[in-house]
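S.K.: Sequence isn't available, so here's the structure alone:
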């Protein structure tokens, strides 16, 4: 049979074999599984090599579901393929390799089925090999739905650590049905499988308690074959995380032991990681917020925040806590902050201060009490040297200071006044040495009478007391002569004499003492005080004058006089002594004299009836007594002028009655005439009879300064006197009573010198 005939008979033979010899899996030969992806290619193997070397393959046929799809006849070297199955040329066979393979590309779902190959050999029986080909349909890419059924695109959240994430991953299609798994950062978190109520849709619901490890992408993977990688989709979980790993480190300004020096700057840094989003870093020194730090830096690669602080510590910062607080601004404060805290070790030279221990004020000690001073020291590191100073001189051990003057305490058992002064202490350590500000200690003591004791300044008693503190009260005991003691208390050392009750004309026995709050004075100051020098001076410019029908003593006022006294001294009957015949007060002129207008600035006093040999005295007085009296003796002219007229006897009772009867008749007759004459004629004053003290030039200048141009006897002339210029025969000149002349005629005077009373 020729070659063409054999090629035409081959299909008929295969068709016949299909229906006569169908392949039975397991019975006719082994069956192996195989998978192919839809749209992909599947390669099926068929061992076609003979078992015996002398044998050879005669015929190779591939079947799908017992229908031939390809054949190769080795005897004639020809092949055949099913035109329906291989319409697009998607079947290829490799006969040159062992095992022989057939590759079907562009797989479709209907390509799935049982494939087997039949190999006929020349010498050995036919070989049947089955392959069960499954066509895998890849599912769609996963997509996400949240708990509300809303589709989630690329990000979900934000969430906080500890929250539970509820998310569904769904895929559509796929054969065999895919298996859905959840991965976080490459780690499997859920592989449970689930079904959807929608046909052809596969779903996996995830309930995930979120931790710090879940920050980042969350991946859903769907897989139904190992031929290709699973299909997957990822969603970003926005997870707010509080900072972690906050740490403080010194950059500069410290030694190996991280010790700071007061007043010297140092730089400290803070590093914080693990926060999302980036944290803010804040520096705190104890409870004080420090804002002078560098700008914060965020290292995105390591998710780390950096901040640097320049700190210049002070002495008060020793032992303080320096805190760096990292806070996530997107979270609640109570769950968003982490901190690192260090304690500052600040070294500094000693800070020293002197203080007094015990009762009383800081800078006072009572005499004979114990003086206890403490040197309060604050230093880091501790001090290794202490010294004491008194009035800027170093105190050495021994004597009143005791044996230990290098200790924080300085004790003096009995303090005296010589210990008053400035005290200071000094202390040193490895950083430096410091001396404290000096404290002035005052030694208080009870009041004592000073050297001056009691003094009298003008009209004020002064009590001189040495006391510290100054006296708070003064106690006076005043004893006038012949009177009881007066007790007075004052708040100052001054006692005006006006506060003393009783006469001050005699010396006073005065004592004073004081109390200062510490103690009361033990021995009072004592003195007998004479007030005689406070009396006014003796009148120096006085005269006697007869005016206003009386003899008057007239004097120019003296200083410090409050009143004046006049007296008349008369020789006793035995002519051995002078006795006081009259005493009176002097005023500023009589009422009649003052009514007559301005005159010399004189004080006047009536002397009564003077006799020959009498002496008239004038003394200036005040509360402290009277001065020595100045004595004047009247002249005969003055006595004559002051004697009663010849008709004075008529003033006697009997004579007055007799004469009166006669005069009544005359008066009745002459009444009209007398009334008219008297009304026309004014009474003219007579010149006064005066006796003046011999004046010196100073006195005359004094009177002229007062514009007293008349002589010392310048009182208003008496109307009843007819003498002038020492003569009784001449008529008195007419005087204008309204306007007195500035000059008078020279009066008749007799000059006598001053002399003291004979009493």
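M.R.: Perfect, thanks for sending it. Note that the structure is predicted; figures quoted are calculated from it, not measured.
S.K.: which stretches of this structure aren't confidently modelled?
M.R.: Applying pLDDT under 70 to the chain flags the ranges 1-23, 25-27, 293-294, 588-601, 645-656, 658-660, 674-759.
S.K.: cutoff 50 now
M.R.: 1-20, 589-598, 683-684, 687-696, 698-700, 702-759 (pLDDT under 50).
S.K.: Which strand in it has the most residues?
M.R.: strand 439-457 (DSSP state E).
S.K.: For this protein, which segments count as helices?
M.R.: Along the chain, counting by DSSP state H, helices occupy 3-20, 333-336, 591-595, 636-642, 653-680, 697-705.
S.K.: re the thing from before, name every strand pairing with the longest strand of the chain and say which way it goes.
M.R.: Looking at strand 439-457 with DSSP bridges, its partner strands are strand 364-366 (parallel), strand 421-428 (antiparallel), strand 460-468 (antiparallel).
S.K.: those strands in the stretch 1-150 of the chain, which residues are they?
M.R.: Shown for the stretch 1-150 of the chain, the strands assigned by DSSP state E, counting those that start in this stretch span residues 31-37, 42-46, 57-64, 67-73, 78-81, 91-94, 100-104, 113-121, 127-136, 143-146.
S.K.: Counting by contacts, list what the third one packs against.
M.R.: The reference is to strand 57-64. Applying 3 or more CB pairs under 8 Å, 6 or more residues apart in numbering; DSSP states H and E, one finds that strand 57-64 contacts helix 3-20, strand 42-46, strand 67-73, strand 113-121. To be clear about C-beta, it is placed using only N, CA and C from the backbone, and glycine gets the same treatment.
S.K.: sorry, back to before: go through the strands paired with strand 439-457 and name the closest to residue 48.
M.R.: When those are compared by CB to CB, strand 421-428 sits nearest residue 48, at 107.1 Å.
S.K.: buried residues in that closest one?
M.R.: Neighbour-count burial for strand 421-428, with 16 or more other CB atoms under 10 Å as criterion, is recorded at 423, 424, 425, 426, 427, 428.
S.K.: residues contacting the third one?
M.R.: If you count contacts by CB atoms under 8 Å, 6 or more residues apart in numbering, residue 425 has them with 352, 354, 373, 375, 386, 387, 388, 389, 408, 410, 435, 436.
S.K.: Can you give me the distance of residue 81 to residue 542?
M.R.: 182 Å (CB to CB, to the nearest Å).
S.K.: Which one's more surrounded, those two?
M.R.: More crowded of residue 81 and residue 542, by other CB atoms under 10 Å: residue 542, with 28 against 19.
S.K.: which residues does the closest residue to that one other than its chain neighbours contact?
M.R.: Of all residues not flanking residue 542 in the chain, residue 555 sits nearest, at 4.0 Å (CB to CB, 6 or more residues apart in numbering). Contact partners of residue 555, counting by CB under 8 Å, 6+ apart, are 539, 541, 542, 543, 564, 586, 602, 603, 618, 630.
S.K.: what does residue 624 give?
M.R.: Going by CB under 8 Å, 6+ apart, residue 624 touches 504, 505, 531, 532, 534, 535.
S.K.: May I see the residues you listed arranged in TSV, with distance to residue 180 and neighbour count as well?
M.R.: As requested, the contacts of residue 624 are exported to TSV (distance: CB to CB, whole Å; neighbours: other CB atoms under 10 Å):
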residue	distance to residue 180	neighbour count
504	128	20
505	134	16
531	129	20
532	134	11
534	129	16
535	135	21
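S.K.: between those residues, which is nearest residue 418?
M.R.: residue 531 (41.2 Å).
S.K.: The residue lying closest to that closest one once chain neighbours are set aside and residue 497: what is the separation?
M.R.: Leaving aside its chain neighbours, residue 531 sits nearest to residue 624 (4.5 Å; criterion: CB to CB, 6+ apart). Distance of residue 624 to residue 497, computed by CB to CB: 8 Å.
S.K.: repeat for residue 378
M.R.: 60 Å.
S.K.: just residue 621 next, same as before
M.R.: With distances taken as CB to CB, residue 621 is found 16 Å from residue 497.
S.K.: tally of neighbours for the nearest residue to residue 335 once chain neighbours are set aside?
M.R.: Nearest residue to residue 335, sequence neighbours excluded (CB to CB, 6+ apart): residue 242, at 6.1 Å. Here the count is done by other CB under 10 Å, and residue 242 has 20 residues near it.
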